[in-house]
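1. Give me a 3D structure for the following:
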Amino acid sequence: MTSPHHSSFPPSNAHKPPAAGSQAGAHQAEADALSIGLNLRHYRRRSGMTMAELGALVSRAASQISAFETGKRAPSLDMLGALANALDVSVDDLLNPTPADPRAALELEVERRQNSSLYSVLGLPTVRAKSLGNDELQAIASLQRALATVLEQRAATPEEARRANRVLREEMRAQDNYFPDIEAAAAQLLSAIGSGDGPLSQAQTAAIANHLGYSLHYVPDLPDSTRSVSDTRNKRLYLSNDSQALGDPRSHVLTALASHVLGHTPPKSFQDFLRQRVEVNYLAAALLVPEKSAVEQLQNDKKNRSISIEELRDRFSVSYETAAHRFTNLATRHLDLPVHFMKVAKTGTIHKAYSNDGLPFPQDPLGSVEGQFACKRFTSRAVYRVEDRFSPYFQYTDTPEGTFWCTARVLPGGEFSISVGVPFAHVKWFTGQGTPHRSTSKCPDPSCCSQPPQELSAKWEDASWPSARTHASLLAAVPPGVFPGVDRTEVYAFLERHAPRETRTMDASSPSAPMNSRITSR
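-> As a prediction, this is how the structure comes out:
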């Protein structure tokens with residue numbers, strides 16, 4: 001029998017003194033009554049004693065020894081010393097929290113789960129782990145783990161998603177939103193196909209796929225829950241042939257291939273899923289806007305005091321959002337510019353945010369920014385009130401943390417805006433520094449924009465009843481699964497329809513059959 005908690009059998013300590021040694025204090029802090037009891041039973045059995053015989057040596061009844069071994073009672077330190085003397089081991093051995101063997105590890109795991117709040121809340125029956133055979137004990141431990149996993153997945157609420165976003169945002173800020181390993185991977189790929197200066201053509205994008213061993217297949221029946229599907233067995237990448245759904249077809253190909261380039265394995269948590277999504281988007285952007293040539297342009301623009309997101313967009317033939325993302329990747333590391341980025345819905349809800357320049361983002365009590373309302377005075381909100389959607393919009397905003405300058409655009413479709421900005425001290429490097437537009441934000445002071453004026457409240461508070469346009473997923477849990485939201489049944493059926501004939505007839509149970517395909521969903 002094997003166990004994930006397997007540990008080697010501890011050596012005999014016949015010549016160690018029974019008194020507590022230098023590690024006893026540390027072990028006592030880690031050990032609990034259950035682990036002490038299992039150790040006690042292990043060494044008693046190894047010595048060939050019955051509970052009555054051990055009890056006689058320490059002046060305790062067999063029932064008290066049984067209570068110690070089952071973890072119902074924890075022996076005092078003096079009693080530990082007496083038990084260790086009787087068994088010819090050290091107190092450290094009895095306090096050691098590491099199970100003595102795989103069987104002990106399983107018993108400890110099962111007993112601890114049975115003593116957890118999970119069992120009491122669900123009202124589940126308990127068993128005597130020590131009385132079970134190895135197979136039965138292994139089966140119960142496996143069922144307990146599976147139950148815990150299912151409950152954890154069901155607990156993946158929007159609040160958990162926001163917490164995961166917050167952790168990821170803090171990590172990105174700590175490294176200035178710059179990923180050197182991904183930049184190196186992008187440069188290596190571009191060099192392999194003889195590119196690197198940009199913009200990346202559709203033919204060069206296909207060349208990257210070919211270099212990685214993948215063939216591209218545009219199909220009309222891609223599963224609705226995916227943007228692409230990778231058949232890693234046959235090295236086939238499937239994408240939609242719907243031109244409206246594709247957007248920039250280069251981006252979809254590159255993000256689909258990125259997980260394979262970066263060596264991603266199926267995510268083990270929602271936070272892992274988010275991190276992988278950030279990494280694949282970063283790699284795709286680094287291929288579309290190569291670091292070397294982008295930095296050369298930006299440094300030259302800084303020298304001429306004419307940095308412009310629009311110029312970066314046009315130089316590399318990418319979307320405004322991609323150009324803005326790429327600028328935030330490179331601004332601090334290569335231009336010594338602190339920067340902030342926001343993607344804000346027309347409703348005012350923040351969908352993405354990054355800052356290392358001190359802009360005061362709204363936050364919930366847990367420190368989450370995503371899902372909060374951006375200040376109505378911010379550039380990201382003011383740009384929706386501008387009639388000219390073809391020209392960039394610039395604005396200075398005075399905040400409690402200082403004055404910030406931003407440039408913003410509303411994306412095609414009108415549902416989101418993208419804004420990028422810097423503190424006042426750095427605006428001199430940018431096109432648009434002479435803008436006359438200025439605003440004042442007092443957020444997080446509620447009187448700024450989250451509370452209506454007093455005179456309006458007095459007039460309408462008791463005479464209004466709005467019907468909220470609630471998002472359908474407001475109260476829903478994050479979709480479960482390795483790739484949240486992906487319908488695996490649809491995906492596997494799709495792969496079966498499109499797989500080469502020889503693959504469809506392959507016996508999947510054959511020992512030589514390759515591993516299951518990985519799904520790429522962005």
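
2. what ranges do the strands span in the stretch 351-500 of the chain?
-> If you assign secondary structure with DSSP state E, counting those that start in this stretch, the strands in the stretch 351-500 of the chain sit at 393-399, 402-410, 416-423, 438-440.

3. I'd like the ones you listed written out as TSV, with mean pLDDT and mean neighbour count added.
-> Glycine gets a C-beta too; all of them are placed from N, C-alpha and C. TSV is the format used below for the strands of the stretch 351-500 of the chain (pLDDT from 0 to 100; neighbours: other Cβ atoms under 10 Å):
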stretch	mean pLDDT	mean neighbour count
strand 393-399	96	21
strand 402-410	96	22
strand 416-423	96	23
strand 438-440	96	14
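
4. Could you export these to CSV, including columns for distance to residue 228?
-> Listed next are the strands of the stretch 351-500 of the chain as CSV, based on distance: least, Cβ to Cβ, whole Å:
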stretch, distance to residue 228
strand 393-399, 34
strand 402-410, 27
strand 416-423, 22
strand 438-440, 41
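
5. Which among those strands is found nearest to residue 107?
-> Proximity to residue 107 (Cβ to Cβ) singles out strand 416-423 among the strands of the stretch 351-500 of the chain, at 54.6 Å.

6. Any stretches of the stretch 101-250 of the chain with poor pLDDT?
-> When residues are selected by pLDDT under 70, those of the stretch 101-250 of the chain lie in 117-118, 120-121, 150-160, 196, 243-246.

7. Okay, strands next: where are they in it?
-> Taking DSSP E, counting those that start in this stretch as the criterion, the stretch 101-250 of the chain carries its strands at 215-219, 228-231, 236-240.

8. Dump those strands to JSON lines, plus mean neighbour count and distance to residue 110.
-> Output for these, formatted as JSON lines (neighbours: other Cβ atoms under 10 Å; distance: least, Cβ to Cβ, whole Å):
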{"stretch": "strand 215-219", "mean neighbour count": "14", "distance to residue 110": "48"}
{"stretch": "strand 228-231", "mean neighbour count": "22", "distance to residue 110": "39"}
{"stretch": "strand 236-240", "mean neighbour count": "21", "distance to residue 110": "44"}
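
9. In TSV, list the ones you listed along with distance to residue 440.
-> Listed next are the strands of the stretch 101-250 of the chain as TSV, based on distance: least, Cβ to Cβ, whole Å:
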stretch	distance to residue 440
strand 215-219	51
strand 228-231	45
strand 236-240	46
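
10. pretty sure residue 389 contacts residue 408?
-> No. Counting by Cβ atoms under 8 Å, residue 408 is not a contact partner of residue 389; they are 11.0 Å apart.

11. Chain neighbours aside, what residue packs nearest to residue 441?
-> Leaving aside its sequence neighbours, residue 441 sits nearest to residue 377 (Cβ to Cβ, 6 or more residues apart in numbering; 4.0 Å).

12. the longest helix in this protein is where?
-> helix 134-154 (DSSP state H).

13. Send me that one as PDB with only the CA atoms.
-> Only the C-alpha atoms of helix 134-154 are listed here, as PDB (Å, rounded to 0.1, in the frame of the first residue of the first chain):
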ATOM      1  CA  ASN A 134      -5.300  -1.500   4.500                       C
ATOM      2  CA  ASP A 135      -7.600  -1.600   1.500                       C
ATOM      3  CA  GLU A 136     -10.600  -0.300   3.400                       C
ATOM      4  CA  LEU A 137      -8.500   2.500   5.000                       C
ATOM      5  CA  GLN A 138      -7.100   3.500   1.700                       C
ATOM      6  CA  ALA A 139     -10.600   3.600   0.200                       C
ATOM      7  CA  ILE A 140     -12.000   5.800   3.000                       C
ATOM      8  CA  ALA A 141      -9.000   8.200   2.800                       C
ATOM      9  CA  SER A 142      -9.500   8.500  -1.000                       C
ATOM     10  CA  LEU A 143     -13.200   9.200  -0.600                       C
ATOM     11  CA  GLN A 144     -12.500  11.900   2.100                       C
ATOM     12  CA  ARG A 145     -10.000  13.600  -0.200                       C
ATOM     13  CA  ALA A 146     -12.400  13.600  -3.100                       C
ATOM     14  CA  LEU A 147     -15.200  15.000  -0.900                       C
ATOM     15  CA  ALA A 148     -12.900  17.800   0.200                       C
ATOM     16  CA  THR A 149     -11.900  18.600  -3.400                       C
ATOM     17  CA  VAL A 150     -15.600  18.800  -4.500                       C
ATOM     18  CA  LEU A 151     -16.500  21.100  -1.600                       C
ATOM     19  CA  GLU A 152     -13.500  23.300  -2.300                       C
ATOM     20  CA  GLN A 153     -14.600  23.600  -6.000                       C
ATOM     21  CA  ARG A 154     -18.100  24.500  -4.900                       C
END
